[in-house]
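A.B. asks: Give me a 3D structure for the following:
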Amino acid sequence: MGIFSKKEVNRLVIAILILGFIFGYNDKADVFNWNHWLTNFVLVLLVVSISVLLHQLVQKLVAKKYGCQTEFDLWKIKRYSYRLKDKFPKKVGPWTIEGLPAYLFSIFITLISNGLWFFAATGTTVIETNESKRIGRVFPKITGMEKAIVIFSGALVNLLLVLVLSNLAAWTGINFDLFIIINLWICVFSLVPLPGLEGLEILFGSLSFYIFSIAFFAFSLALSQINFILATITTILISFAIMMFYIYIYEKK
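C.D. replies: Numbers count the residues shown, from 1 in each chain. Next up is the predicted model:
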């Protein structure tokens with residue numbers, strides 16, 4: 001079996017095409033030219049593919065360390081009414097509806113804004129525990145903190161690409177704007193705590209780690225213009241301090 005299952009490959013292709021459309025819809029040209037738009041779209045699609053696949057691959061590697069495996073799933077609405085029992089999948093005649101395709105909302109936002117707004121939410125990561133590979137660990141199933149770490153590792157890769165390429169662009173003068181913008185938005189929407197997205201999985205896995213993740217993201221971007229190494233060390237220390245402060249306040253209640 002390969003790194004990605006056949007079903008997962010199909011989902012990733014859909015997600016990459018949607019993200020490619022989102023980031024490539026508006027090519028910033030004053031006058032529309034089909035050849036220019038198509039060239040830009042292919043370039044965007046290449047960058048999106050690299051960014052998304054790196055995100056997923058790192059999650060799989062980290063999950064393996066915890067005796068788990070991950071699988072990418074498209075963003076779906078899992079409930080068709082406010083009642084808890086009204087959940088998908090639901091049989092409708094000969095068909096089984098697994099969920100409503102919430103990822104299409106991203107395309108809608110792109111169209112109504114003419115590509116000026118990015119809503120880069122297409123899917124999430126599902127984690128399954130392989131108990132036979134967790135023999136010797138305290139908990140037979142993955143803990144909330146471990147789950148949060150696995151999921152955040154994907155966003156961390158995108159954030160590191162943003163930081164490294166931003167500094168590389170400053171040092172060399174090479175334009176990495178496309179890579180930076182795409183990875184920045186993928187990282188942002190990996191932390192947004194909406195139902196069915198990775199951000200909520202991190203939040204539910206560990207609130208303290210979610211606070212650390214947000215703090216790390218914010219401080220790393222703010223300090224990255226000073227010095228990459230100094231910014232990374234400072235960011236880790238500040239984020240950890242914020243997380244520990246939260247744990248201390250929480251335990252005092």
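
A.B. asks: What does residue 142 show for phi and psi?
C.D. replies: Backbone torsions of residue 142, given as degrees, to the nearest 10, read phi -60, psi 140.

A.B. asks: quick one: contacts for it?
C.D. replies: Residue 142 is in contact with 66, 67, 68, 127, 129, 134, 150, counting by Cβ atoms under 8 Å, 6 or more residues apart in numbering. All C-beta spots, glycine's among them, are computed from the backbone N, C-alpha and C.

A.B. asks: Now neighbour count and pLDDT too, for the residues you listed, in JSON lines please.
C.D. replies: Output for the contacts of residue 142, formatted as JSON lines (neighbours: other Cβ atoms under 10 Å; pLDDT from 0 to 100):
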{"residue": "66", "neighbour count": "19", "pLDDT": "87"}
{"residue": "67", "neighbour count": "19", "pLDDT": "87"}
{"residue": "68", "neighbour count": "22", "pLDDT": "90"}
{"residue": "127", "neighbour count": "18", "pLDDT": "92"}
{"residue": "129", "neighbour count": "19", "pLDDT": "83"}
{"residue": "134", "neighbour count": "17", "pLDDT": "72"}
{"residue": "150", "neighbour count": "27", "pLDDT": "93"}
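
A.B. asks: Could you dump those residues into CSV and include secondary structure?
C.D. replies: Converted to CSV, those look like this (DSSP: H, G, I helix; E, B strand; the rest coil):
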residue, secondary structure
66, coil
67, coil
68, strand
127, strand
129, strand
134, coil
150, helix
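
A.B. asks: Tell me which two in the residues you listed are the farthest apart.
C.D. replies: The two members of the contacts of residue 142 with the most space between them (Cβ to Cβ) are 134 and 150, at 13.3 Å.

A.B. asks: got any ranges where this structure has weak pLDDT?
C.D. replies: For the chain, applying pLDDT under 70 flags the ranges 1, 79-98, 246-253.

A.B. asks: Would you map the helices across it?
C.D. replies: Assigned by DSSP state H, the chain shows helices spanning 6-24, 34-65, 104-112, 144-172, 177-191, 198-205, 207-223, 228-252.

A.B. asks: and residue 78, which of those is closest to it?
C.D. replies: helix 198-205 (11.8 Å).

A.B. asks: angle of the closest one against helix 207-223?
C.D. replies: Angle of helix 198-205 versus helix 207-223, following axes from the mean of the first three to the mean of the last three Cα atoms, to 10 degrees, is 130 degrees.

A.B. asks: What residues of helix 198-205 count as buried?
C.D. replies: Along helix 198-205, these residues count as buried under the neighbour rule (16 or more other Cβ atoms under 10 Å): 198, 199, 200, 201, 202, 203, 205.

A.B. asks: ok and it relative to helix 34-65, angle-wise?
C.D. replies: Orientation note: helix 198-205 sits at an angle of 20 degrees relative to helix 34-65 (the same axes, to 10 degrees).

A.B. asks: and helix 198-205, how far out from the chain's middle?
C.D. replies: Here helix 198-205 shows a centroid-to-chain-centroid distance of 11 Å under the convention Cα atoms, centre = their mean, to the nearest Å.

A.B. asks: And the contacts of residue 142, which is closest to residue 227?
C.D. replies: residue 150 (29.7 Å).
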